[in-house]
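A.B. asks: I would like to see how this sequence folds:
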Amino acid sequence: MRLSDVIWSNLRRRRGRMVLLVLGLVLGVGTVVALMAITATLQEDVANKMDQFGANVLIVPRSSSLSLSYGGLTVAAASYDVGELTLADLERIRTIKNARNISVVAPKLLSAVQIAGRPVLVAGVRFADELRLKQWWQVEEGREPTAPDEALAGRRLSTLLGLRPGTPLEIGGETFRIAGILAENGSQDDDILFIDLAAAQEAMGRPGKVSLAEVAALCSACPVEDIVAQIGEVLPQAQVTALRQAVALRMQTVGQLERFALAVSAVVVTIGGLVVLTTMLGAVAERRQEIGLFRALGFRQRHVMQIILGEVGVVSLGGGILGWLAGMGAAVILAPHVANVTTPVPWNPLLALGAVGTALAEEVGFVPALETLAQEAGRQGRLPVQVRLEGMPRRLSPTRELALYRIAQEALSNALRHAQAKQIWLTLRFDDTGVTLTVADDGVGFHPPEHPGRLTQEGHFGLLGMRERALLVGGRLHISSAPGQGTAISVHLPG
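C.D. replies: Numbers count the residues shown, from 1 in each chain. Predicted coordinates:
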């Protein structure tokens with residue numbers, strides 16, 4: 001008799017108990033998958049909307065000394081004599097590695113001019129790019145400019161100078177007419193006169209020149225610091241700065257969503273684990289007699305273990321796959337209505353791997369689940385992922401096991417995507433002080449921030465998520481890395 005026949009025979013004989021076990025797994029795994037999928041979609045939706053809502057990168061000449069300010073650059077009332085960029089320079093931004101993440105490049109030419117005896121800051125802009133960049137703009141009076149000789153005035157400036165739609169203005173010997181008045185938005189735009197960039201370059205005698213550029217970079221898929229560094233390489237004559245307030249605000253919102261999903265998932269996995277534990281304990285006495293019968297029939301101990309683990313594997317695989325399908329289906333149906341997101345929910349195969357891993361963790365512990373995760377990561381990355389187990393393994397609480405599993409999953413994903421590694425090591429160490437999980441690689445490495453608070457500022461959002469997960473279960477995260485020396489991410493859970 002083959003062992004596979006014994007496994008299937010045992011499962012059929014305990015059909016009712018196995019169905020209950022699978023339903024428990026489907027409930028726990030499906031809820032976790034649904035929450036993770038909806039949270040990931042919320043993160044992407046929030047990130048996309050906030051990325052598109054204004055600039056998060058500013059490009060200015062390296063040396064400037066002026067007095068009226070605009071977006072971090074200052075302009076003198078009497079003169080505007082600074083080093084300038086050109087439109088041809090800005091075209092090189094589209095050649096960087098992460099050019100696909102550049103949404104809008106909005107160049108500006110600034111100058112202080114005299115209008116009605118008052119110094120006025122004039123900004124030459126490409127109105128199509130400016131209106132796309134500043135979606136909060138509202139034309140309160142008149143309309144948006146459509147001709148090169150039309151202008152748009154801020155509300156405070158129009159009140160100060162008595163400007164109305166149709167009012168003519170002379171700038172540099174050229175005549176412009178006010179097309180519209182912007183509604184007051186509380187920013188410096190309320191005091192500025194906006195005209196067409198090409199017309200401004202001609203009126204100010206600076207063909208092809210720009211004073212600064214605001215860039216909207218869709219940085220949800222890559223750290224904004226990477227984009228800043230790449231733009232700096234193609235524009236060495238410019239100072240490129242990330243507007244950290246916008247990035248920090250976005251990641252604060254995304255982090256809150258992730259922490260909420262993790263907390264609810266931990267509760268659900270705990271409940272599912274109790275269901276599985278209760279069911280398995282109920283079968284202990286019966287399995288003792290069965291094991292004795294197997295040994296009497298000549299089965300060796302390893303054969304008995306293969307039978308038991310085979311049953312666990314079948315139940316975990318079935319529960320994990322069904323849980324993934326149920327969770328993803330629920331996420332696809334509920335996300336547009338409950339979360340009110342426009343971003344579609346992707347059918348992420350990594351969540352399927354996580355679902356099966358979660359089911360395995362509930363059945364036999366998270367050590368085999370980690371081994372399965374490492375093997376799958378190695379197949380995806382086509383590189384060896386070595387798993388090392390140190391000390392005597394022991395079960396942790398479902399909440400802690402889930403946190404360690406998710407941290408390992410994120411660390412392996414980061415290594416595969418960013419490290420350019422040839423080998424990865426996953427080490428799990430049990431000792432008297434607690435348990436330590438380490439994911440190390442021999443990749444390119446990087447300069448880790450000296451303070452955890454700078455993770456958001458420097459765009460290391462994956463590391464930030466791992467740190468938050470560790471803190472939620474009473475652990476601490478340590479990052480060891482240097483350029484050319486690989487990276488090691490360790491999380492220690494005491495107790």
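
A.B. asks: Where does pLDDT dip in the stretch 1-150 of the chain?
C.D. replies: Along the stretch 1-150 of the chain, segments meeting pLDDT under 70 span 1-8, 10-11, 13-14, 16-17, 20, 24-25, 28, 42-55, 63-84.

A.B. asks: swap the cut-off to 50 and go again
C.D. replies: Low-confidence regions of the stretch 1-150 of the chain, defined by pLDDT under 50, span residues 64-68, 72-82.

A.B. asks: Which stretches in the stretch 351-495 of the chain count as helices?
C.D. replies: Here the stretch 351-495 of the chain has its helices, by DSSP state H, counting those that start in this stretch, at 366-381, 398-414, 454-457, 461-472.

A.B. asks: and what of the stretch 51-200 of the chain?
C.D. replies: Using DSSP H, counting those that start in this stretch, the helices of the stretch 51-200 of the chain run over residues 87-91, 127-133, 155-161, 197-203.

A.B. asks: Which strand residues bridge the residue lying closest to T241 once chain neighbours are set aside?
C.D. replies: Leaving out its chain neighbours, the residue that sits closest to T241 by C-beta to C-beta, 6 or more residues apart in numbering is L58, at 4.9 Å. (Each C-beta comes from the backbone N, C-alpha and C, glycine too.) On the basis of DSSP bridges, L58 is bridged to E214, T241.

A.B. asks: surely L58 meets I231?
C.D. replies: No. Using C-beta atoms under 8 Å, L58 is not in contact with I231, being 10.4 Å away.

A.B. asks: Those two: which is more packed in?
C.D. replies: I231 (24 against 19; other C-beta atoms under 10 Å).

A.B. asks: any idea of the pLDDT on that one?
C.D. replies: We have a pLDDT of 91 for I231.

A.B. asks: So it belongs to a helix, correct?
C.D. replies: Yes. Counting by DSSP: H, G, I helix; E, B strand; the rest coil, I231 is located in a helix.

A.B. asks: measure it to V33 for me?
C.D. replies: For I231, the distance to V33 equals 38 Å [C-beta to C-beta, to the nearest Å].

A.B. asks: Equivalent analysis for L152, please.
C.D. replies: Look at L152 and V33: by C-beta to C-beta, they are 49 Å apart.

A.B. asks: what's the answer for E390, then?
C.D. replies: To V33, E390 is 31 Å away according to C-beta to C-beta.

A.B. asks: The two: which has the busier surroundings?
C.D. replies: Remark: of E390 and V33, V33 carries more neighbours, 27 against 12, as counted by other C-beta under 10 Å.

A.B. asks: Let me know the secondary structure of that one.
C.D. replies: In terms of secondary structure, V33 is helix; the call rests on three-state DSSP.

A.B. asks: Was I right to think it contacts G323?
C.D. replies: Yes. Between V33 and G323 there is a contact under C-beta under 8 Å: 6.1 Å.

A.B. asks: quick one: average pLDDT of the strand or helix carrying A216?
C.D. replies: If you go by DSSP states H and E, A216 is part of strand 212-217. In this model, strand 212-217 has a mean pLDDT of 87.

A.B. asks: For H492, give its distance to D431.
C.D. replies: Applying C-beta to C-beta to H492 and D431 gives a distance of 10 Å.

A.B. asks: Compare these two and say which one has the larger neighbour count.
C.D. replies: H492 (17 against 10).

A.B. asks: What is the neighbour count of the closest residue to that one other than its chain neighbours?
C.D. replies: In space, H492 comes closest to T436 once its chain neighbours are excluded; the distance is 4.6 Å by C-beta to C-beta, 6+ apart. Using other C-beta under 10 Å, T436 has 20 other residues around it.

A.B. asks: which ones are touching T436?
C.D. replies: Neighbour list for T436: 427-429, 490-493 [criterion: C-beta atoms under 8 Å, 6 or more residues apart in numbering].

A.B. asks: how about 6 Å then?
C.D. replies: Applying C-beta atoms under 6 Å, 6 or more residues apart in numbering, we find T436 in contact with 429, 490, 492.

A.B. asks: for E184, same thing?
C.D. replies: E184 neighbours (C-beta under 6 Å, 6+ apart): 155, 190.

A.B. asks: Check the gap between it and S158 for me.
C.D. replies: E184 is 10 Å from S158, by C-beta to C-beta.

A.B. asks: Check A200 too.
C.D. replies: Computed as C-beta to C-beta, the A200 to S158 distance reads 19 Å.

A.B. asks: how about the strands of the stretch 151-300 of the chain, start to end?
C.D. replies: Secondary structure of the stretch 151-300 of the chain by DSSP state E, counting those that start in this stretch: the strands cover 168-171, 174-182, 192-196, 209-210, 212-217, 238-242.

A.B. asks: Mind putting these into JSON lines with distance to T86 and mean neighbour count?
C.D. replies: Output for the strands of the stretch 151-300 of the chain, formatted as JSON lines (distance: least, C-beta to C-beta, whole Å; neighbours: other C-beta atoms under 10 Å):
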{"stretch": "strand 168-171", "distance to T86": "21", "mean neighbour count": "16"}
{"stretch": "strand 174-182", "distance to T86": "21", "mean neighbour count": "20"}
{"stretch": "strand 192-196", "distance to T86": "17", "mean neighbour count": "24"}
{"stretch": "strand 209-210", "distance to T86": "6", "mean neighbour count": "22"}
{"stretch": "strand 212-217", "distance to T86": "11", "mean neighbour count": "24"}
{"stretch": "strand 238-242", "distance to T86": "11", "mean neighbour count": "19"}
